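Participant: Using only what follows, build the 3D model:
(2 chains)
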Amino acid sequence: MQCSAPSLRMFKSSKVCTVLIDLSGTLHIEDYAIPGAVNALNRLRRKVNVKFVTNTTKESRRVLHERLHSLGFDIEKSEIFTSLSAARSYVDTHKIRPLLMLEKEAMEDFEGVGTSDPNAVVIGLAPSCFNYSKMNEAFRMLLDGSTLIGIHKARYLKKKDGLYLGPGPFVHALEYATGTQAVVLGKPEKAFFLEALQEFSCPPDQAVMIGDDVIDDVGGAQKCGMLGILVQTGMIAFDCR
Amino acid sequence: MATPMVAGWLKFAKEIEGIVLDIAGVLYDSGDGDGVPIPGSIEAVNRLKASGVPVRFCTNATETTRVNLVAKLNRIGFSLEPNEVFPPAPAVCQILKERGLRPHLLVADDCKPDLAGVEQHDPTCVVIGDAAHGFTYDSMNKAFQALMQMEKPLLISMGQGKYYLETDGLKLDCGPFMKALEYACSLEAEIVGKPSKTFFDAVLKDIGISSDKALMIGDDVVSDVGGAQACGMRALLVRTGKYRPTDEKHPTVTPDGVVDNLQQAVELFLSCRDK
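Facilitator: Residues are numbered from 1 along each chain as shown, chains lettered A, B, ... in the order given. You can find the predicted model right below:
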């Protein structure tokens, strides 16, 4: 890893109290752990607070945790902070009744949330919801004054068999149709990183983000005053950008 | 009830040598079966034509072919001819042939005959229209993947309308889905249809008049009114169709007049010319 002198000094001076770590592309790639990651994590834990942050909206925290556990990572479910968690937290804090445009596997993270008489539209990566009827339902709610919440606005994602539209284009479609701007919750939004750090009462200038996405991980973290470290596994290795 | 603004546009009513009417939201509301005429519109169109002033119909609707659209409107009481009606699909077909483009189509199935006669294999552009239930994650994704595979990604959109009114409420037009693909691919679409100047110019050329002698009447403050005014035409906004009260306080478009419906516009127009 190449570090600039100031950042190396920051590490060495143990001013860092919290490290946020991306999951896919940084700790693991699909179903295998990145070599050295398990040990590196164990060593890191002895020195600092650790939290795992990801934009995934297709799976619940439980499913992610199970996968990481099976790969040998010693991680608690409560240490995983997803953009879904950020959305759940936002919904609870603002006492929102959402129309959830999410896949079934992600709905688990919204258990207990009241959804009747919705006053907001919450959009994640939900191919089964991006059809004309559901989009019209969301559109009419927004025209009536509901808030538009985008869990994140990724343009597309790369899978083994090609590129696939992310939730971003569909959030953008509704923004255009209604002349409004969505509240966006996941990386690279500042609020996402600050929320992740909140548990440790850690100010951003004492925190580090480690990830494989130069825009969402590093750029986003730096914008809120954190140190952002880019790993050369994941996105770069698979030439995703 | 006519607003005070109406008086302004009536001053030049005698100079008008051609009228361009939007269809959905002005003549009728689509939806339920063939749709429902807006009260007074059938007679208004007949009176306009009988007065001798040239009338043309300019629409961004592509839910079906021009011929079928005219047949549908005539079934519910209008008397239109296909050569008076200007939808975007035939114009797009012309453009595809002139530029040697091969389209991937994201349009309503019933519109496809108006885009026939062009090679579609190994597409060099995506054409998007108001596909309605044809918009699914899968169809959007296929259009996206097609664009990302092109050497020079080109998205041609038949209009950019945000929504339209049907008999069972407001529905998303092709504009939001066009914007979705623009965002995904970081590109800008080419618009064929209102509010494109080229589109309005083709209608004016057909009548044989300059834009300052033309009056547009529509329910879309941006595509109909703003688009027509940008070409030098005068334009009225009707309070039918997709109209919403906030349209009268639009940040960038000020209609030359706002009327309750086509019937009122025509009554005022013809009575002014008769003086």
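
Participant: Could I get the contacting residues of the residue in the stretch 1-150 of chain B that chain A sits nearest to?
Facilitator: Of all residues in the stretch 1-150 of chain B, B:Tyr137 sits closest to chain A, at 3.9 Å by CB to the nearest CB. C-beta: built from backbone N, CA, C; applies to glycine. Contacts for B:Tyr137 (CB atoms under 8 Å, 6 or more residues apart in numbering or on different chains) come out as A:Pro127, A:Ser128, A:Phe130, A:Asn131, A:Leu165.

Participant: Now do it, the pLDDT please.
Facilitator: On the pLDDT scale, B:Tyr137 is placed at 98.

Participant: could you pull out the strands for the chain?
Facilitator: I went with chain A, as the question did not name one. Assigned strands in chain A, in chain order: A:18-22, A:28-29, A:32-33, A:49-54, A:80-82, A:98-101, A:120-123, A:147-150, A:156-159, A:162-165, A:183-184, A:207-211, A:227-230 (criterion: DSSP state E).

Participant: wrong one, I was asking about chain B
Facilitator: Using DSSP E, the strands of chain B run over B:18-21, B:28-29, B:36-37, B:55-58, B:85-86, B:103-106, B:125-128, B:155-158, B:163-166, B:169-172, B:190-192, B:214-218, B:234-238, B:257-259.

Participant: Need the ones you listed in CSV (columns: mean neighbour count, distance to chain A and mean pLDDT).
Facilitator: Below are the strands of chain B laid out as CSV (neighbours: other CB atoms under 10 Å in any protein chain shown; distance: least, CB to the nearest CB, whole Å; pLDDT from 0 to 100):
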stretch, mean neighbour count, distance to chain A, mean pLDDT
strand B:18-21, 24, 25, 98
strand B:28-29, 22, 16, 96
strand B:36-37, 16, 20, 96
strand B:55-58, 22, 22, 98
strand B:85-86, 22, 25, 98
strand B:103-106, 23, 12, 98
strand B:125-128, 26, 12, 98
strand B:155-158, 26, 12, 98
strand B:163-166, 21, 6, 95
strand B:169-172, 18, 5, 96
strand B:190-192, 20, 14, 97
strand B:214-218, 28, 19, 98
strand B:234-238, 26, 17, 97
strand B:257-259, 24, 20, 96
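
Participant: Now render these as a markdown table, adding distance to B:Gly8.
Facilitator: Shown next, in a markdown table, are the strands of chain B (distance: least, CB to CB, whole Å):
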| stretch | distance to B:Gly8 |
| --- | --- |
| strand B:18-21 | 17 |
| strand B:28-29 | 28 |
| strand B:36-37 | 29 |
| strand B:55-58 | 22 |
| strand B:85-86 | 27 |
| strand B:103-106 | 41 |
| strand B:125-128 | 37 |
| strand B:155-158 | 33 |
| strand B:163-166 | 27 |
| strand B:169-172 | 30 |
| strand B:190-192 | 29 |
| strand B:214-218 | 13 |
| strand B:234-238 | 9 |
| strand B:257-259 | 6 |
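
Participant: Of all the strands of chain A, which one is nearest B:Glu81?
Facilitator: strand A:162-165 (41.6 Å; CB to CB).

Participant: and that closest one, how far from the chain's centre?
Facilitator: When C-alpha coordinates are averaged (CA atoms, centre = their mean, to the nearest Å), strand A:162-165 and its chain have centres 19 Å apart.

Participant: Please convert the strands of chain A to a markdown table, extending it with distance to chain B and mean neighbour count.
Facilitator: Listed next are those as a markdown table, based on distance: least, CB to the nearest CB, whole Å; neighbours: other CB atoms under 10 Å in any protein chain shown:
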| stretch | distance to chain B | mean neighbour count |
| --- | --- | --- |
| strand A:18-22 | 23 | 23 |
| strand A:28-29 | 22 | 18 |
| strand A:32-33 | 27 | 12 |
| strand A:49-54 | 21 | 22 |
| strand A:80-82 | 21 | 23 |
| strand A:98-101 | 11 | 23 |
| strand A:120-123 | 12 | 26 |
| strand A:147-150 | 12 | 22 |
| strand A:156-159 | 6 | 14 |
| strand A:162-165 | 5 | 18 |
| strand A:183-184 | 13 | 19 |
| strand A:207-211 | 22 | 26 |
| strand A:227-230 | 22 | 21 |
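
Participant: With mean pLDDT added, can I get those in a markdown table?
Facilitator: Below are those laid out as a markdown table (pLDDT from 0 to 100):
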| stretch | mean pLDDT |
| --- | --- |
| strand A:18-22 | 96 |
| strand A:28-29 | 84 |
| strand A:32-33 | 87 |
| strand A:49-54 | 95 |
| strand A:80-82 | 94 |
| strand A:98-101 | 97 |
| strand A:120-123 | 98 |
| strand A:147-150 | 97 |
| strand A:156-159 | 84 |
| strand A:162-165 | 92 |
| strand A:183-184 | 96 |
| strand A:207-211 | 96 |
| strand A:227-230 | 94 |
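
Participant: Figure out which of these is closest to A:Leu194.
Facilitator: Here strand A:207-211 is closest among the strands of chain A (CB to CB), at 9.7 Å.

Participant: what pairs with that closest one, and is each one parallel or antiparallel?
Facilitator: With DSSP bridges as the test, strand A:207-211 is paired with strand A:18-22 (parallel), strand A:227-230 (parallel).

Participant: and chain B, which of its residues are near chain A?
Facilitator: Contacts of chain B with chain A, taken as CB under 8 Å from any CB of the partner chain, map to B:132-138, B:140-141, B:144-145, B:148, B:162-163, B:169-172, B:175-177, B:179-181, B:183-184, B:186.

Participant: Try it again at 10 Å.
Facilitator: Taking CB under 10 Å from any CB of the partner chain, the part of chain B that reaches chain A is made up of B:131-141, B:143-145, B:148-149, B:160-163, B:169-173, B:175-186, B:244, B:246, B:251.

Participant: Counting neighbours, what do you get for the nearest residue to B:Ala13 once chain neighbours are set aside?
Facilitator: Sequence neighbours aside, B:Cys272 is the residue nearest to B:Ala13 in space, at 4.1 Å (criterion: CB to CB, 6 or more residues apart in numbering or on different chains). B:Cys272 has 16 neighbours, counted by other CB atoms under 10 Å in any protein chain shown.

Participant: Report the distance from stretch A:25-36 to the chain centre.
Facilitator: That offset, for stretch A:25-36, works out to 17 Å (CA atoms, centre = their mean).

Participant: how near is A:Lys160 to chain B?
Facilitator: The gap separating A:Lys160 from chain B is 14 Å, by CB to the nearest CB, to the nearest Å.

Participant: ok, that residue touching A:Glu30?
Facilitator: Yes: between A:Lys160 and A:Glu30 there is a contact under CB atoms under 10 Å: 8.5 Å.

Participant: more crowded one of these two?
Facilitator: Taking other CB under 10 Å, A:Lys160 and A:Glu30 do not tie; A:Glu30 has more neighbours (9 against 6).

Participant: need the contact list for the more buried one.
Facilitator: A:Ser24, A:Arg67, A:Lys159, A:Lys160 (CB atoms under 10 Å, 6 or more residues apart in numbering or on different chains).

Participant: mind running it again at 8 Å?
Facilitator: A:Ser24.

Participant: cool, the one 10 residues further on as well?
Facilitator: Contact partners of A:Ala40, counting by CB under 8 Å, 6+ apart, are absent.

Participant: just to revisit the earlier point, now for the strands of chain B, which one comes closest to B:Val118?
Facilitator: Among the strands of chain B, strand B:103-106 comes nearest to B:Val118, with 6.3 Å by CB to CB.

Participant: mind listing what that closest one pairs with, with the direction of each?
Facilitator: Sheet partners assigned to strand B:103-106 using DSSP bridges are listed as strand B:125-128 (parallel).

Participant: what's in contact with the partner strand?
Facilitator: B:92, B:96, B:101-107, B:115, B:143, B:146-147, B:150, B:154-158, B:174, B:177-178, B:181, B:189.

Participant: When you filter the contacts of B:Tyr137 down to buried only, what's left?
Facilitator: By neighbour count, with 16 or more other CB atoms under 10 Å in any protein chain shown, the contacts of B:Tyr137 hold A:Pro127, A:Phe130, A:Asn131, A:Leu165 as buried.
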